[in-house]
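fold the following, please.
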Amino acid sequence: MEVWGVMTKEAVLDWKGFSGLPDFASINDDDFRPAFDEALKEAEEEIEKIAIVEESPTLENFLQPFELSGKALDRVCSIFFLRSGAHSNLLIQQLEQEFVVKLSRHYSKIMMDARIFAKMSVLYRQMQGGIYDSETRRVIEIWWKKFVRSGANLNEESKERLAEIDEKLALLEATFGQNVLQDEASWVLFLDKEDLSGLPDNLVGSMQEGARERGHKEGYALTLARSIVEPFLKFSHRRDLRKIACQAWFKRGENGNGNDNREIITKIITLRGEKAKLLGYKSFADFKLDDTMAKSVDSVTNLLIPIWEKARAKAAVEQAELQNFSKSQGMSEAFEIWDWRYYAEKLRAKQFSFDESEIKNHFQLDCMIEAAFAVAGKLFGISFEENTSITLWHPDARLWEVKKIDGIVFGYFIGDYFARSSKRSGAWMSKLQLQHKLGGGQKPIVYNVCNFAKPSRGESALLSLDDARTLFHEFGHALHGLLSDVVWPSVAGTSVALDFVELPSQLYEHWLTVPEVLKSYATHVKTGLPMSQDLLDKILAARTFNSGFYAVEFIASALIDIAFHREEVVSDPILFERKELERLQMPETIVMRHRSPHFAHIFSGGGYAAGYYSYMWSEVLDADAFQAFEETGDVFNPELACRLKRFIYSAGGSADPEELYKAFRGRLPSPNAMIEKRGL
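Got it, this is the predicted structure:
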């Protein structure tokens, strides 16, 4: 197999598919190791050539080749890590554990190379003298700070220890994510027809399809895909089965098996704390937040705690109402976690005269994709044309060519929407290729991965309102990558501050529930008729129903994230989580949206560590930004849309995020719009 890999690794290294896309049909799993090894060697040689240049550093002889170095490695990694998240297997998981350590070692070597740092420091001093254009100055400043935050100023002994820490963290974080995937994939409860009481037809169909995929010709598979388990908890009349599903969902990564993440969390927290201390910070939270809009732990808690108190108070009112309602429905047992979603859905149906299954009949996946495209067309003057002739990493994945108003293709968008056992949970956007203008430039190739329930054969995939929001959210991220219009790769697309990156995605969600959009694209799956004004009014009226519950489960996760990363050592993460929640007076009938053993955002990678708050921070921005459109009386206001594209979706990290927001809005945001939006 290794011989075959040597022969075919070129498909991973050289993208010779349609219009410069990867030729996925020619890529075999055995190609990855030889391709990775060759690309890594090439990247190391490129960096060495840059480092030994004796002339004084300039943009031409240093920064440009530095930014363009490692292209082959980027290509290999972009395909490989797409597969590790969206379509994994045992070999991919084994290779991931090998690759992340080698990559950590490679990047540590670059960022701690005194020769490279000295060259960057020369440009940094020149930049401070006022030369170079604004984007280039921003790029130099970002790189210089990255070097410092990666240990370039440390002594040799500390550099060695920091590199060792980063290698260990890379392996632990990869293992954490793999454990969650395996725990979710290995759990399934096969049900009979009599177990399905209360479930809508589309959910039954998806569970039937899930059973077939697992080799069962008969029966129905209850899995831990969010798109399956959450609607099951909402609709199943079987309280005993809701309890089983709920407990399995919340216990992922905490089952005392080979996928248990508790010890891994302890090791991650300890290593991150040591890393922060080496770099001169009090805690990992302080280290992480120093490079964000928030800047400090105090700024984060000053945002979260007042909203937490409002959310907790509203959730208490909601719980009392649900307890009374459940009793009126004949429930005599104590109200538990697995009862909340079920009775909330029944109460919503009663109060607003509609239920989620009625909504789902109007939210067909294909129609919602078209809606997301149409909004982008109206705001930004772009269009999407599907190309069905291209083979991708899985038959469910689909590709669209993205065109300007003159018909010129400027990028590619790929969507992989359905849940499967080889895919990690959640939804995300990433890229195969960033946009930039150096060395002839390149087009963006971005993708969305979701975990919507796959329908029965021949049926339309139906989404809940939350699913549709997820689709719009991730597509907002995709637009951030597609509309990127910068020179330098390091500031392209979503390469922005952590607490700014969710603005384009969360802002885009607002257009989903614009009446004009719903009337055009929320068509009934059977009749094809548009959503009635009556149902539309009910959906809009119910937007803040149960908002205390949703705010509590989210903010609790954000506060626990910060609490973990203020510590140097956490010997028992479950005990720590419980004590912190007690201190916060967490309602007993609500569970964090992400409990620690499966909190992949913060433990399966460093990106959102001490940064889960960023969704709420960005929500302040997105609510205020959409209010700007509402104030004009036209949510597609052309002048405002032009500014939105220029300063938010196209600017990437080319300027300070506060300055970009002020350029769009004319001022900094107020939190009032967000609080009103959440009904708190």
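
against residue 597, how distant is residue 578?
According to CB to CB, to the nearest Å, residue 578 stands 13 Å off from residue 597. For every residue, glycine as well, the C-beta is placed using N, CA and C.

who's more crowded, these two?
Neighbour totals were compared for residue 578 and residue 597, and residue 597 leads with 25 against 13 (other CB atoms under 10 Å).

right, and the more buried one touches residue 254 too?
Yes - Residue 597 lies in contact with residue 254 (CB atoms under 8 Å); the separation is 3.9 Å.

quick one: contacts for residue 669?
620, 621, 623, 624, 625, 661 (CB atoms under 8 Å, 6 or more residues apart in numbering).

leaving out sequence neighbours, find the closest residue to it.
Among residues not flanking residue 669 along the chain, residue 624 sits closest, at 3.7 Å (CB to CB, 6 or more residues apart in numbering).

quickly find the element holding residue 429.
Using DSSP states H and E, residue 429 sits within strand 428-433.

pLDDT averaged over that strand - what is it?
The pLDDT scores in strand 428-433 average 97.

direction included, what does the next helix or strand after that strand pair against?
Using DSSP H and E, the helix or strand that follows strand 428-433 towards the C-terminus is strand 445-452. Using DSSP bridges, the strands paired with strand 445-452 are strand 409-418 (parallel), strand 428-433 (antiparallel).

how's this structure carved up into domains?
In the assignment given by automatic domain parsing, the structural domains of the chain cover 2-111+113-149, 187-250, 272-350+546-614.

looking at those domains, which is closest to residue 434?
Evaluated with CB to CB, the domains of the chain place domain 2-111+113-149 nearest to residue 434, the distance being 8.3 Å.

so what's the residue positioned nearest the centre of the chain up against?
The residue lying closest to the centre of the chain (CA atoms, centre = their mean) is residue 428, at 3.9 Å. Going by CB under 8 Å, 6+ apart, residue 428 touches 85, 448, 449, 474, 477.

go ahead and confirm the third one touches residue 427.
Yes - using CB under 8 Å, residue 449 and residue 427 qualify as a contacting pair, with a distance of 6.4 Å.

which one's more surrounded, the two?
The neighbour comparison of residue 449 against residue 427 (other CB under 10 Å) goes to residue 449, with 22 against 18.

identify the bridge partners of that one.
Going by DSSP bridges, residue 449 is paired in beta bridges with residue 416, residue 428.

ok, it to residue 46 distance?
Distance from residue 449 to residue 46, by CB to CB: 30 Å.

what mean pLDDT does the strand or helix carrying residue 38 get?
Assigned by DSSP H and E, residue 38 belongs to helix 32-51. For helix 32-51, mean pLDDT is 97.

pull out the buried residues from the helix or strand just after that helix.
Following helix 32-51 in sequence order, the next helix or strand is helix 64-68 (DSSP H and E). By 16 or more other CB atoms under 10 Å, the buried positions in helix 64-68 come out as 64, 65, 66, 67.

tell me which strands and helices helix 64-68 is in contact with?
Helices and strands touching helix 64-68, by 3 or more CB pairs under 8 Å, 6 or more residues apart in numbering; DSSP states H and E, are helix 32-51.

list the buried residues for the helix it packs on?
For helix 32-51, by 16+ other CB under 10 Å, it's 32-36, 38-40, 42-44, 46-47, 50-51.

what's the offset of that helix from the middle of its chain?
Taking CA atoms, centre = their mean, to the nearest Å, one finds the center of helix 32-51 at 29 Å from the center of the full chain.

again, but for stretch 374-383
23 Å.

how about residues contacting that stretch?
For stretch 374-383, contacts defined as CB under 8 Å, 6+ apart pick out 373, 384, 402-405, 410, 472, 475, 479, 482-483, 508, 511, 514, 517, 520-521, 636, 641, 644-645, 649.

what separation do you get for the residue nearest to residue 669 and residue 424?
Per CB to CB, residue 624 is found 33 Å from residue 424.

residue 240 now?
Taking CB to CB as the measure, residue 240 and residue 424 are separated by 29 Å.

so between these two, which is more surrounded?
residue 424 (20 against 10).

from residue 314, how far out is that one?
Distance from residue 424 to residue 314, counting by CB to CB: 32 Å.

residue 496 - nearest residue in space that isn't next to it in sequence?
In space, and not counting its chain neighbours, residue 496 is closest to residue 653: 4.4 Å by CB to CB, 6+ apart.

surely the one you found is within a strand?
No - in this structure, residue 653 is coil, not part of a strand, as judged by DSSP: H, G, I helix; E, B strand; the rest coil.

any idea how far it is from residue 500?
Taken as CB to CB, the span from residue 653 to residue 500 is 8 Å.

go on, residue 126?
Counting by CB to CB, the separation of residue 126 from residue 500 is 27 Å.

the two: which has the busier surroundings?
residue 500 (22 against 17).

any idea how far the more buried one is from residue 248?
36 Å.

if we can go back for a sec, point out the most buried one among the strands paired with strand 445-452.
Most buried of the strands paired with strand 445-452 by mean neighbour count (mean count of other CB atoms under 10 Å) is strand 409-418; its value is a mean of 22.

just to revisit the earlier point, identify the contacts common to residue 597 and residue 254.
260, 261, 262, 574.

hmm, which of the residues you listed are the buried ones?
For these, a burial check counting by 16+ other CB under 10 Å picks out residue 261.

just the ones in helices from the shared contacts of residue 597 and residue 254, please.
Using DSSP state H, the subset of these located in helices is 262, 574.

out of the shared contacts of residue 597 and residue 254, flag the one nearest to residue 17.
residue 261 (37.3 Å).

wait, doesn't the closest one sit right on residue 178?
No - Residue 261 is beyond contact range of residue 178, at 10.0 Å (criterion: CB under 8 Å).

buried stuff in stretch 332-342?
In stretch 332-342, counting by 16+ other CB under 10 Å, buried: 335, 337, 338, 339, 340, 341, 342.
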